[in-house]
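Q: how would this look folded up:
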Amino acid sequence: MRLRYKTAVAVLLIISGCSSSDITSPDQIVFPVTGVSFKAQVEPLFSLSCNVTGCHDQARSDNNMVDLTTWGNVRSLNVVDQPGDTNCGMLRVVFGRELHPGPLKVNDNHKQGLRQWVIEGAQNN
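A: Reported below is the predicted structural model:
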């Protein structure tokens, strides 16, 4: 009986140790087809791919005044100013319709997921 209890506690500790904060690579982020979440997909992708020091960690003249560190900053005039606008600055850059000075760390799933998030209202969800 005691061994069974210890095993159950160990399993619970292992399971509770896993969280979304364990994501360390943009490739680990998978966007759903619908129901895209800023907190679960968009924000972690930006944190790992875009908000590194010297890129979009703050608005500067050398990054087109794009700060992707918060939902409020993402919903700015030059990023996603209108929910549903698939011609917004962010999507123009992500889909290669607007020049970006460095490499983008996004795959096709990320591109489609970001597009879907904008279509769904670019919510702070």
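
Q: Name the residues of stretch 102-113 that are buried.
A: V106, H110, K111, Q112, G113 (16 or more other C-beta atoms under 10 Å). For glycine as for every other residue, the C-beta is placed from the backbone atoms N, C-alpha and C.

Q: gap between that stretch and the chain center?
A: Stretch 102-113 sits 10 Å away from the centroid of its parent chain (C-alpha atoms, centre = their mean, to the nearest Å).

Q: let's number from 8 now, not from 1
A: Done: numbering now begins at 8, and the last item shifts to stretch 109-120.

Q: mean confidence score for it?
A: In this model, stretch 109-120 has an average pLDDT of 94.

Q: Not counting its neighbours along the chain, what's nearest the most centrally placed residue in the chain?
A: Closest to where the C-alpha atoms of the chain average out (C-alpha atoms, centre = their mean) is V49, at 2.4 Å. Nearest residue to V49, sequence neighbours excluded (C-beta to C-beta, 6 or more residues apart in numbering): W124, at 5.6 Å.

Q: The one you found against E50, yeah?
A: No. Between W124 and E50 there is no contact under C-beta atoms under 8 Å: 10.5 Å.

Q: So these two - more neighbours on which side?
A: W124 (24 against 19; other C-beta atoms under 10 Å).

Q: Do you have the helices of this structure handy? List them.
A: Secondary structure of the chain (DSSP state H): helices at 9-23, 50-56, 78-81, 96-101, 115-126.

Q: any idea which of the ones you listed scores lowest on pLDDT?
A: Looking at those, the bottom one is helix 9-23 with a mean of 44.

Q: what about the closest residue to W78 other than its chain neighbours, neighbour count?
A: Excluding its sequence neighbours, the residue lying closest to W78 (C-beta to C-beta, 6+ apart) is N131, at 4.2 Å. Neighbour count for N131, taken as other C-beta under 10 Å: 14.
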